[in-house]
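Visitor: any chance you can model this:
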Amino acid sequence: MRLIIEEDKASNSYVYKTVNRLTGEVIQQLPRETVLQLREQLNYEAGDVVRAKA
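Guide: Sure, this is the predicted structure:
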């Protein structure tokens, strides 16, 4: 396994990827791709991903 840290200039944050050294396959990515896509939406606000009831 290999850890790759990339800067995502669009969201001004970092993306952490665990990659299989032999195949190049991304095993895990944080934040997930769907979260990065949500951040690109104009009406996104922090906490929009979580749905909770009190």
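Visitor: residue 8 against residue 29, yeah?
Guide: No. Taking contacts as C-beta atoms under 8 Å, residue 8 lies outside contact range of residue 29: 10.9 Å. For the C-beta atoms, the positions are set from N, CA and C on the backbone; glycine is no exception.
Visitor: quickly list what's touching both of those two.
Guide: residue 15 (C-beta atoms under 8 Å, 6 or more residues apart in numbering).
Visitor: more neighbours: which of these two?
Guide: The residue with more neighbours, out of residue 8 and residue 29, is residue 29; 16 against 12, by other C-beta atoms under 10 Å.
Visitor: okay, and that one sits in which element?
Guide: strand 26-30 (DSSP states H and E).
Visitor: check the offset of that strand from the chain's centre.
Guide: 8 Å (C-alpha atoms, centre = their mean, to the nearest Å).
Visitor: helix/strand/coil for residue 35?
Guide: helix (DSSP: H, G, I helix; E, B strand; the rest coil).
Visitor: and for it, the neighbour number?
Guide: 16.
Visitor: nearest spatial neighbour of the spatially most central residue of the chain, skipping sequence neighbours?
Guide: Central residue of the chain (C-alpha atoms, centre = their mean): residue 31, 2.3 Å from the mean position. Excluding the flanking residues, the one nearest residue 31 by C-beta to C-beta, 6 or more residues apart in numbering is residue 15, at 6.9 Å.
Visitor: picking up where we left off before, isn't the residue nearest to the centre of the chain up against residue 6?
Guide: No. With contact defined as C-beta under 8 Å, residue 31 and residue 6 do not form a contacting pair (11.7 Å).
Visitor: got any residues that touch both of these two?
Guide: residue 15.
Visitor: and stretch 6-20, how far apart are its ends?
Guide: 16 Å (C-alpha to C-alpha, to the nearest Å).
Visitor: what comes up buried for it?
Guide: Of the residues in stretch 6-20, 15, 19 count as buried by neighbour count, 16 or more other C-beta atoms under 10 Å.
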